[in-house]
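[1] build me a model:
(2 chains)
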2 protein chains.
Amino acid sequence: MGELMQIIKERRSIRNFLQEKDIPEDVLNQVLEAVKWTPSWANTQCWELIIVRNQEIKSKLQETMGKGNPASKAIVEAPVVLAVCGRLNISGYYKEQVTTKFGDWFMFDLGLATQSLCLAAHDLGLGTVIVGLFDHDKAGQILGVPAGYELVTLIPIGYPARGSGAPKRKEISEFTHRDRF
Amino acid sequence: MGELMQIIKERRSIRNFLQEKDIPEDVLNQVLEAVKWTPSWANTQCWELIIVRNQEIKSKLQETMGKGNPASKAIVEAPVVLAVCGRLNISGYYKEQVTTKFGDWFMFDLGLATQSLCLAAHDLGLGTVIVGLFDHDKAGQILGVPAGYELVTLIPIGYPARGSGAPKRKEISEFTHRDRF
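    Purely as a prediction, here's the structure:
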């Protein structure tokens, strides 16, 4: 198995972090470098990332999540939370007009960037969990996300305190078709 | 630079393919394996991929694209076109109810899977280009995509006939913020 395939296969959602072990800036920078080189709709690069280290802000973000969210503790325990935002009305657009039935493609491009981010983090020994379930408007207010942008995910990132098992995946034959669906 | 970072940085959009060089099934399978291990909303794995090798179908798909689309030739010249579809109403949902302001997260999860796919392809010496601009309903009809699913991208894949330059990217400082946007 090649190195890339191993990284893709072995990256897990991590919700428990070593609280005493911070992420050095140069290591975090490599994770951001992976985002930088992600492809996007007509190279629009709609992503904007807020690097949250402030503990008070993390606590406020935690309050925007339901108590049952399994990543709730991770938000305050991880040394860094990456708040991933998208600029609206550029991805999927041409001359300010929507070009497809899917309207704004910011969610697609943020997905591309997020996989780069998670793989690079894992490769550097860092754990991540992609959190999408919280009150986006409240969290956006806390982080000062301006009009024209949407906060989409919160990604706690840090050195894993413990690993986790791999959720079962569909076999390739279960999600592929030949020539027609 | 680590191997992963090199793959992320050096993957380009490829629109010119060696027409005489087919993709062996075991190589294509490794690309699909990368999709299989992509994370997704609550492990819903909404992706469905149609592996199009039939030349007549590729020609019909080409007709759903605007003539000015720079990937138009790639659709018929690549040995394989991967038609990436998403099952609706599962990603972003809990007990059949939308959970966030973004509604269906299928675009986000397909973005995650697509980056896995493109990186694995590049690692295997294959080129890809993510095509999002075409008549999705017409192309979906050609491929027999059923109700409840959406065809989102067509990805020509094959051995590159020639490379292409890297479009300029924003510097990390241009898309990051500290603690607040």
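
[2] residue A:80 against residue A:28, yeah?
    Yes: between residue A:80 and residue A:28 there is a contact under Cβ atoms under 8 Å: 6.7 Å. To be clear about C-beta, it is placed using only N, CA and C from the backbone, and glycine gets the same treatment.

[3] between these two, point out the one with more neighbours.
    Using other Cβ atoms under 10 Å in any protein chain shown, the more surrounded residue of residue A:80 and residue A:28 is residue A:28, with 22 against 18.

[4] overlap in contacts of residue A:80 and residue A:28?
    Residues touching both residue A:80 and residue A:28 (Cβ atoms under 8 Å, 6 or more residues apart in numbering or on different chains): A:51, A:157.

[5] now the element after the longest helix along chain A, going C-ward?
    As assigned by DSSP state H, the longest helix anywhere in chain A is helix A:106-123. Using DSSP states H and E, the helix or strand that directly follows helix A:106-123 along the chain is strand A:127-128.

[6] do that next one and chain B meet?
    No: judged by Cβ under 8 Å from any Cβ of the partner chain, strand A:127-128 and chain B are separated, with a smallest distance of 9.2 Å.

[7] tell me what that strand is packed against?
    Strand A:127-128 sits against helix A:106-123, strand A:149-158, with contacts defined as 3 or more Cβ pairs under 8 Å, 6 or more residues apart in numbering or on different chains; DSSP states H and E.

[8] now that strand: mean pLDDT?
    Mean pLDDT, strand A:127-128: 98.

[9] contacts made by it with the rest, please.
    A:11-14, A:17, A:117-118, A:121-122, A:155-160.

[10] residue A:154 and residue B:172, how far apart?
    19 Å (Cβ to Cβ, to the nearest Å).

[11] look at these two and report which has more neighbours.
    Taking other Cβ under 10 Å, residue A:154 and residue B:172 do not tie; residue A:154 has more neighbours (29 against 15).

[12] what's the closest non-adjacent residue to the more buried one?
    Nearest residue to residue A:154, sequence neighbours excluded (Cβ to Cβ, 6 or more residues apart in numbering or on different chains): residue A:131, at 4.5 Å.

[13] surely that neighbour is in contact with residue A:69?
    Yes: taking Cβ under 8 Å as the definition, residue A:131 is a contact partner of residue A:69 at 7.3 Å.

[14] give me the most central residue, chain A.
    residue A:114 (4.3 Å; Cα atoms, centre = their mean).

[15] mind listing what that residue touches?
    Residues near residue A:114 by Cβ under 8 Å, 6+ apart: A:84, A:130, A:153, A:155, B:108, B:111, B:112.

[16] how about a cut-off of 7 Å?
    Applying Cβ atoms under 7 Å, 6 or more residues apart in numbering or on different chains, we find residue A:114 in contact with A:84, A:130, A:153, B:112.

[17] between strand A:149-158 and the longest helix of chain A, find me the angle.
    Orientation check (axes from the mean of the first three to the mean of the last three Cα atoms, to 10 degrees): helix A:106-123 against strand A:149-158 gives 10 degrees.

[18] so where is chain A shaky, pLDDT-wise?
    The model of chain A has pLDDT under 70 over residues A:1.

[19] ok, 90 please
    Across chain A, the ranges flagged by pLDDT under 90 are A:1-2, A:19-20, A:66-70, A:162-165.

[20] residues contacting the residue in it positioned nearest to chain B?
    As assessed by Cβ to the nearest Cβ, chain B sits closest to residue A:111 within chain A, at 2.0 Å. The neighbours of residue A:111, taking Cβ under 7 Å, 6+ apart as the test, are B:107, B:108, B:109, B:110, B:111, B:112.

[21] how far away is the third one from residue A:130?
    For residue B:109, the distance to residue A:130 (Cβ to Cβ) stands at 10 Å.

[22] what of the first one?
    Using Cβ to Cβ, residue B:107 is found at 14 Å from residue A:130.
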